[in-house]
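Engineer: can you look at this prediction? I've put the sequence above it.
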Amino acid sequence: MKSRADSLGAPPQAQSVAEAAEILSVADVIILGEVHDNAHHHQVQAELVTILRPKALVWEMITQEQAERLTPQILQDSGETAGILEWKASGWPEFSLYAPVFSAGRALTHFGAQVPRSLTRAALKAGVAIHFGAEASRFGLDTPLPEAEQKDREAEQMANHCDALPEHVLPMLVDVQRLRDASLAAAAERALLQTGGPVVVITGNGHARLDRGLSVYLQRAMPETVILALGQMEGEVSQGAFDVVISAPAIERPDPCLAFAKPD
């Protein structure tokens, strides 16, 4: 099945949040990508939530059970929100980065799409489509990727992990990424059906991209739904297809490959 991304050229570069909002405002589901540890990206997301006024937020970073604990009263206090979500133990960057987005959405209904690590391991053991359940076919999760895309995605995973992984692990990492995409799509569908939309999805750029992310699965399940995606870049580097991109300076980070370096 062809993605809408197949017909897209280079995405327009928005010069302001307001310009990006104008492009995104016609969608039923608006995907707001990010680099997880870039504070500017989260500020842009918060501003867009305020401007676009969706009915619901879908989060890659929290489970549905956690989302159901959130109330407008709790969301008024960032410390209480972080505590309810057990954020310190989550493995995500510090909560202060995400706090503006939660605050902007304090009056909205929240949905979680995170697949916990324990369930990820079970999914790999059983097969991600079987783990996903009866809806796997409707979302297309049971369909193998084309061989060329599978190879490209495995090569990308190897590069992302500094060429330090055994090759037999790569197909599993691609499967996990697809499971997360489908889980985000299912949560977005649930949010749209329950609230009437529009719905905003907060997720990393990898899941936001139109050529392989959650929109591929959601469009298959809900073909009449209008889905638009923002990619947030660092500098001028753009990877993947989006409807619009916006850039911010890169932040300073330690070399991620140091974690894979072998001691002398």
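Structural biologist: That came through fine.
Engineer: does anything pack onto the worst-scoring helix or strand of the chain on mean pLDDT? Which helices or strands?
Structural biologist: Here the helix or strand of the chain ranked lowest by mean pLDDT, DSSP states H and E is helix 117-126, holding a mean of 90. Helices and strands touching helix 117-126, by 3 or more CB pairs under 8 Å, 6 or more residues apart in numbering; DSSP states H and E, are helix 128-132, helix 170-195. C-beta: built from backbone N, CA, C; applies to glycine.
Engineer: do that again at 7 Å, thanks
Structural biologist: Under the contact definition 3 or more CB pairs under 7 Å, 6 or more residues apart in numbering; DSSP states H and E, helix 117-126 sits against helix 170-195.
Engineer: name the nearest residue to the most centrally placed residue in the chain, ignoring sequence neighbours.
Structural biologist: The chain has residue 203 as the residue nearest its centroid, 2.6 Å off, counting by CA atoms, centre = their mean. The shortest distance from residue 203 to any non-neighbouring residue, by CB to CB, 6 or more residues apart in numbering, is to residue 60 (4.0 Å).
Engineer: which ones are touching the one you found?
Structural biologist: By CB atoms under 7 Å, 6 or more residues apart in numbering, residue 60 lies in contact with 113-114, 184, 202-204, 207.
Engineer: in strands only, show me those residues.
Structural biologist: residue 202 (DSSP state E).
Engineer: and which of the contacts of residue 60 is nearest to residue 256?
Structural biologist: Set against residue 256, the nearest of the contacts of residue 60 by CB to CB is residue 204 (14.9 Å).
Engineer: residue contacts, residue 247?
Structural biologist: Neighbours of residue 247 in contact, by CB under 7 Å, 6+ apart: 13, 233, 235-236.
Engineer: over to residue 154?
Structural biologist: 170-171, 174.
Engineer: pretty sure it is in a helix, no?
Structural biologist: Yes. According to DSSP: H, G, I helix; E, B strand; the rest coil, residue 154 belongs to a helix.
Engineer: you'd agree residue 225 is up against residue 27?
Structural biologist: No. Counting by CB atoms under 7 Å, residue 225 does not reach residue 27; the two are 8.5 Å apart.
Engineer: how near is the closest residue to residue 33 other than its chain neighbours to residue 31?
Structural biologist: Leaving aside its chain neighbours, residue 33 sits nearest to residue 208 (3.2 Å; criterion: CB to CB, 6+ apart). With distances taken as CB to CB, to the nearest Å, residue 208 is found 5 Å from residue 31.
Engineer: need the overlap of contacts for those two.
Structural biologist: Contacts common to residue 208 and residue 31, judged by CB under 7 Å, 6+ apart, are 229-230.
Engineer: picking that back up, more neighbours: which of residue 225 and residue 27?
Structural biologist: residue 27 (20 against 17; other CB atoms under 10 Å).
Engineer: so residue 92 belongs to a helix, correct?
Structural biologist: No. Under three-state DSSP, residue 92 sits outside any helix and is assigned coil.
Engineer: so it sits against residue 62, correct?
Structural biologist: No. Using CB under 7 Å as the test, residue 92 is too far from residue 62 to be in contact (9.1 Å).
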